[in-house]
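Peer 1: Got a predicted structure plus its sequence, pasted below:
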Amino acid sequence: MKKNTTIYALMVLAAFLWSGAFIAGKYTGPYIPSGSVTFLRFAIASVLMYFIMKATQAKEPQAAYKFTKKDIPHFLFTGVVGMVGYHLFFFESLNYTTAINSSIIRAIDPVITVLIAFVFLHQRVPLKQLLGILLSLFGVVLTITAGDFAHFAEMELNRGDLYMIGAVVCWSAYGVYSKSRCSHIPPVVLTYYSFLVCSIVLIPVSLMEKPWEFLPSVPVSAWIALLFMAVFCSGIAYYIQQIALRIIGPTRCSIFVNLVPVFSFILATLMLGEELQPVKILTTVIIIAGVCICQAAGNRSEAK
């Protein structure tokens, strides 16, 4: 139980770091196109994870990982589907749909994860855990709409919405696959090779955006934001997620994604001067309650 409590705290930290990417994106967006910023983010993160991997293996030589050809498909799946697939679908969706649509669709990640785990792993979901997921999902929707459900009347399913659904499916599949097929691979190793595959695949995408034309004019603030996303949002947060997937599983791990909008609103208020409305304080309580119910139900299920 103490181990789980620690991983819960780390996943809250990961959610906080992921929320910081939205703020950092405000600084990089005007200067670096999406393909290039994603490539640079994961290329830098790959270098970081390489040194972390080597340091970890030096500290625990008995647990050192030996690269084998049979693991290549695992790295290709997590790198292409979990990293490249998610980010390309996500950035492409923003070209066709509204932020409200994308945010609401992104919040169904725990539900998609449960469905994938149920279909492919035959993983049972306790009723209380499902209720916790739905409560947290309701809190996210309430947060995004600021209590004004009239937003739903304006929603129309378009190409961008379908792209965002594809992004959520990629993210959920990445979590479930990592838990079910990659348990023999140390988290730091899987994270490193996933980042490396992502970086290599994105090289031609980045070249198509002609980085030599815009990189010289990128300001210092944008480079700092990029480094923050690479080191904290990618390197540290994804490493924490991989450890959490082994301990608490993809279903309970995915529920922490619903904390990202909460932290995003807090950071936007403190750093961007946006107004924090009372309804958002209420939705914060609802989301956290849903997370707590989900985790408590999962603990009881494990005990049984």
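Peer 2: Perfect, thanks for sending it.

Peer 1: What ranges in the stretch 101-250 of the chain fall below the confidence cut-off?
Peer 2: When residues are selected by pLDDT under 70, those of the stretch 101-250 of the chain lie in 101-104, 107, 143-158.

Peer 1: Could I get the full set of helices for it?
Peer 2: 109-121, 127-145, 159-181, 187-208, 211-214, 220-228, 237-254 (DSSP state H, counting those that start in this stretch).

Peer 1: okay, these, which one's buried deepest?
Peer 2: helix 237-254 (a mean of 23; mean count of other Cβ atoms under 10 Å). Placement of C-beta: from N, CA and C, glycine included.

Peer 1: Of the helices of the stretch 101-250 of the chain, which is nearest Phe16?
Peer 2: Set against Phe16 and scored by Cβ to Cβ, these come closest in helix 237-254, at 8.6 Å.

Peer 1: Just the buried residues of the helix or strand following that closest one, please?
Peer 2: Using DSSP states H and E, the helix or strand that follows helix 237-254 in sequence is helix 260-272. The neighbour-count check on helix 260-272 (16 or more other Cβ atoms under 10 Å) flags Val260, Pro261, Val262, Phe263, Ser264, Phe265, Ile266, Leu267, Ala268 as buried.

Peer 1: can you tell me which two in the residues you listed are farthest apart?
Peer 2: Spanning the widest gap among the buried residues of helix 260-272 are Val260 and Ala268, at 12.1 Å by Cβ to Cβ.

Peer 1: what residues are shared contacts of these two?
Peer 2: Phe22 (Cβ atoms under 8 Å, 6 or more residues apart in numbering).

Peer 1: tell me which of the buried residues of helix 260-272 is nearest to Pro30?
Peer 2: Ala268 (17.1 Å).

Peer 1: for the residue found closest to Val197 once you drop the neighbours it is linked to in the chain, what are its contacts?
Peer 2: When the adjacent residues along the chain are set aside, Val197 lies closest to Gly79, with 2.7 Å between them (Cβ to Cβ, 6 or more residues apart in numbering). Gly79 is in contact with Tyr193, Ser194, Phe195, Leu196, Val197, Cys198, Val201, counting by Cβ under 8 Å, 6+ apart.
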